[in-house]
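Trainee: Below are the sequence and a predicted model for it; my questions follow.
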Amino acid sequence: MLQVTPLTPILGARITGLDIASGVDGPMMTALRDALDLFSVLVFPDQRLDDAAQIAFSEGFGPLERTRPGAPGAGSPVIILSNIGPAGEIAPPTDKQLLNNKANRFWHHDSSFKPVPAHASLLSAREIPSAGGDTEFASMRGAFAALDTAERASLRGRVAIHDFGWSRARVDAALVSEAERHQHPPVRQALVLEENPYGPALYLGAHARGIEGMDEAQSRLLIDRLMAHATQRAFTYSHKWRPHDLVMWDNRAVLHRATPFATTTERRHMVRTCVAGTAPTLAIAA
Ligand code: OGA
Ligand code: MN
């Protein structure tokens with residue numbers, strides 16, 4: 001029997017009573033899809049998964065994204081978030097892996113820079129540090145609902161520009177190559193996602209460079225204010241990892257970010273799969 005225990009009043013639930021590696025049947029998958037819609041973040045403790053089992057479970061939610069060229073795990077459906085080098089040693093701090101991990105410390109929605117951004121992400125903890133390295137989530141439905149009526153109306157229908165090259169260069173100029181910029185030109189995304197069955201959600205994050213119809217300074221002020229509003233404690237859940245946790249989140253309902261840990265002395269090895277989105281955030285005609 002599936003047990004669903006809410007983690008906060010706004011988002012997150014712990015899911016027990018299933019063994020993912022041994023397979024999940026159709027009715028249970030339906031219940032999990034519903035739980036993801038409702039709670040935005042699902043925590044599955046004690047799930048010993050190898051890559052194949054993680055991929056098989058993730059595919060139950062829809063086709064997976066392929067990891068982009070230039071990222072660890074490129075071309076496969078898994079992305080590796082790790083400070084461990086190929087020989088099993090902690091990678092030196094100049095390594096691109098570490099810069100990528102640094103980029104993950106800014107609140108973001110996975111792949112919001114793609115024309116059709118990711119629906120859900122699943123992250124499994126293979127090795128975790130003894131302290132730090134928590135992952136935080138912020139409810140963009142909760143944040144939107146808490147804005148006043150006039151502001152909600154003024155945001156609906158607006159378009160944000162999400163730009164991978166711009167956001168990565170803000171972290172470190174060495175993080176983005178010309179080829180990557182070329183591969184991910186700026187894209188237009190709805191600022192408010194209306195499709196969520198449990199209410200509209202703000203959609204912003206680290207890749208949101210500006211708002212159409214506003215100048216750069218105005219855009220920045222608005223984005224920074226909305227991000228500060230959305231990431232207040234009341235709308236967040238912070239996940240303290242235990243080995244073999246699997247955490248799944250709905251990128252169209254939450255922001256997330258990594259938090260620091262002692263990257264040069266402690267090991268952290270996480271494996272992520274990403275369920276592809278099925279539609280652009282804006283109507284095609286928009
Ligand atoms: C991710 C991510 C944060 C973390 O997997 O998409 O942002 O804490 N991870 O590793
Ligand atoms: Mn991420």
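Mentor: Okay, I see it. Ligands and ions are numbered 1, 2, ... in the order given.
Trainee: For ligand 1, give me its nearest residue in this structure.
Mentor: Of all residues in the chain, Ala258 sits closest to ligand 1, at 3.2 Å by C-beta to the nearest ligand atom. Backbone N, C-alpha and C define where each C-beta goes, glycine included.
Trainee: how much space is there between the closest residue to that residue other than its chain neighbours and Gln3?
Mentor: Spatial nearest neighbour of Ala258, chain neighbours left out: Asn104 (4.1 Å); criterion: C-beta to C-beta, 6 or more residues apart in numbering. Distance of Asn104 to Gln3, computed by C-beta to C-beta, to the nearest Å: 30 Å.
Trainee: okay, those two: which has more neighbours?
Mentor: Asn104 (18 against 10; other C-beta atoms under 10 Å).
Trainee: who touches the nearest residue to Ala145 once chain neighbours are set aside in this structure?
Mentor: Of all residues beyond its chain neighbours, the one nearest Ala145 is Gly199 (6.3 Å), with distances taken as C-beta to C-beta, 6+ apart. Residues counted as contacts of Gly199 (C-beta atoms under 8 Å, 6 or more residues apart in numbering) are Arg141, Phe144, Ala145.
Trainee: restrict the residues you listed to those near ligand 1?
Mentor: Contacts with ligand 1 are made by none of the contacts of Gly199, judged by C-beta under 6 Å from any ligand atom.
Trainee: where does the stretch 1-150 of the chain have low pLDDT?
Mentor: The model of the stretch 1-150 of the chain has pLDDT under 70 over residues 70-73, 93-95.
Trainee: Show me the strands in it, by range?
Mentor: Per DSSP state E, counting those that start in this stretch, the stretch 1-150 of the chain carries strands over the ranges 3-6, 13-16, 41-44, 79-82, 120-127, 135-139.
Trainee: what's the most buried one of the ones you listed?
Mentor: With neighbours defined as mean count of other C-beta atoms under 10 Å, the strands of the stretch 1-150 of the chain peak in mean count at strand 135-139, which reaches a mean of 24.
Trainee: Give the partner strands of that one in its sheet and their orientations.
Mentor: The pairing partners recorded for strand 135-139 under DSSP bridges are strand 236-239 (antiparallel), strand 254-258 (antiparallel).
Trainee: would you put the C-alpha positions of that strand in CSV?
Mentor: Extracted in CSV, the C-alpha atoms of strand 135-139 (Å, rounded to 0.1, in the frame of the first residue of the first chain):
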residue,chain,number,x,y,z
THR,A,135,18.5,20.5,-2.0
GLU,A,136,15.9,23.2,-1.5
PHE,A,137,12.5,23.6,-3.3
ALA,A,138,10.2,26.6,-3.6
SER,A,139,6.5,26.4,-4.5
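Trainee: now check it, is it near ligand 1?
Mentor: Yes. Using C-beta under 6 Å from any ligand atom, we find that strand 135-139 touches ligand 1 at Thr135.
Trainee: what's the angle from that strand to strand 120-127?
Mentor: In terms of direction (axes from the mean of the first three to the mean of the last three C-alpha atoms, to 10 degrees), strand 135-139 departs from strand 120-127 by 160 degrees.
Trainee: Return, as residue ranges, the portions of the stretch 151-286 of the chain with sub-threshold pLDDT.
Mentor: In the stretch 151-286 of the chain, residues with pLDDT under 70: 284-286.
Trainee: At which residues are the helices of it located?
Mentor: 164-171, 178-183, 216-230 (DSSP state H, counting those that start in this stretch).
Trainee: Return the most buried member of those helices.
Mentor: When you average the neighbours per residue for each of the helices of the stretch 151-286 of the chain (mean count of other C-beta under 10 Å), helix 164-171 leads with a mean of 19.
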